[in-house]
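Chemist: Quick one: sequence and predicted model below, then my questions.
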Amino acid sequence: MGIAIATLWALALRSKTGKKMEEKIQHYIKAPITEAVIDLRVEMSFEGGLSSLNDFGHRIQAEYLKRSELVNVESQIQIKEGETSIAGNQTVFGYRYSSPDNKQIVQARLDGFSFSRLAPYEKWEIFRDEARRLWDLYQVTTNSTTVTRVAVRYINRLDLPLPLNNLKEYLLTAPEISHKLSQGLSDYFMQLEIPQEDIGATLVLIEALIPSSKDNFLSVLLDIDLFSNVDFASNDDKHWSLLETFRSRKNEIFEACITDKTRELLK
């Protein structure tokens, strides 16, 4: 079944002329990206623990002044002789560092590192280079040795003008409603997990209606998350090469999900 899905997906990424979708990818003036994320997970083998993460924070404090704790909360409910008691435990597993304008966010965790850029998103090269600079500092400070997971995630917000008779005017990936049911739709949430076998990855595609900040518009979330479980040395370039591949595939997936009518909105 996995091979069949991969084959259908490969066909979907080609235009009617047989050319790969990536050849049609363009830069959008009104890019719908609300957040872009690069995430690298590591083996929790370094001895420094939270003190190492604090050292990392000191190295970047000139650009990332705001710090908050990342906390894991565990609760236990016990029922004994008709009485209920609740016990809780909080564990700090990392820190979140933000730029003064809150547009760039770094997470330094015991299990890995992530870098986020919020809107306005500029371009991949700027985003990637800052992520790599910060990762190098994280890797040296924590002395982590192995990368176990690589991911790129792009969260998009598409504002579609009303009235809208059919989502498929703007989205090629959308819920299909039986013709025996009313076609009106007030809300939906759709999650697809699609193997990307040619690049050894998995796509998690989420699409949902979200509150609109504009009158007479319908807002749709298009969340593209590409990840792969790996076993790379943390000081190697393999994960960065894979991230470049993910970036290209992310673009292909976005283009494969939208119509020319949506593209016109983004110009």
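Modeler: Noted; the coordinates are in hand.
Chemist: all contacts plus neighbour counts: C-alpha atoms, from now on.
Modeler: Fine.
Chemist: contacting residues around stretch 207-218?
Modeler: Taking C-alpha atoms under 8 Å, 6 or more residues apart in numbering as the criterion, the residues outside stretch 207-218 that touch it are 159-163, 174, 187-191, 219-223.
Chemist: nope, stretch 238-251 is what I meant
Modeler: Under C-alpha under 8 Å, 6+ apart, the answer for stretch 238-251 is 22, 25, 147, 150-152, 154, 199, 224, 226, 232.
Chemist: Any buried residues in it, and which?
Modeler: 239, 242-243, 246-247, 249-251 (16 or more other C-alpha atoms under 10 Å).
Chemist: what does stretch 132-143 give?
Modeler: 134-135, 137-139, 141-143.
Chemist: want to try CSV for those, with distance to E35, pLDDT and secondary structure as columns?
Modeler: Formatted as CSV, those follow (distance: C-alpha to C-alpha, whole Å; pLDDT from 0 to 100; DSSP: H, G, I helix; E, B strand; the rest coil):
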residue, distance to E35, pLDDT, secondary structure
L134, 18, 98, helix
W135, 19, 97, helix
L137, 23, 96, helix
Y138, 22, 95, helix
Q139, 24, 93, helix
T141, 27, 92, helix
T142, 26, 90, helix
N143, 28, 88, coil
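Chemist: could you dump these to CSV with distance to K30?
Modeler: Shown next, in CSV, are the buried residues of stretch 132-143 (distance: C-alpha to C-alpha, whole Å):
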residue, distance to K30
L134, 28
W135, 29
L137, 33
Y138, 33
Q139, 35
T141, 38
T142, 39
N143, 40
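Chemist: ok, those vs P195, which is closest?
Modeler: Comparing the buried residues of stretch 132-143 against P195 with C-alpha to C-alpha places W135 closest, at 27.3 Å.
Chemist: That closest one and A233, how far apart?
Modeler: 13 Å (C-alpha to C-alpha, to the nearest Å).
Chemist: Likewise for Q139?
Modeler: Taking C-alpha to C-alpha, one finds Q139 at 11 Å from A233.
Chemist: show me where pLDDT drops low in the protein?
Modeler: Across the chain, the ranges flagged by pLDDT under 70 are 1-25, 45-47, 75, 80-82, 85, 87.
Chemist: all strands of it, in order?
Modeler: Using DSSP state E, the strands of the chain run over 33-42, 66-80, 83-98, 104-109, 112-118, 146-161, 189-196, 201-210, 217-233.
Chemist: what's the burial count for the residue lying closest to A36 once chain neighbours are set aside?
Modeler: Leaving aside its sequence neighbours, A36 sits nearest to Y154 (C-alpha to C-alpha, 6 or more residues apart in numbering; 4.6 Å). The burial count assigned to Y154 is 22, neighbours taken as other C-alpha atoms under 10 Å.
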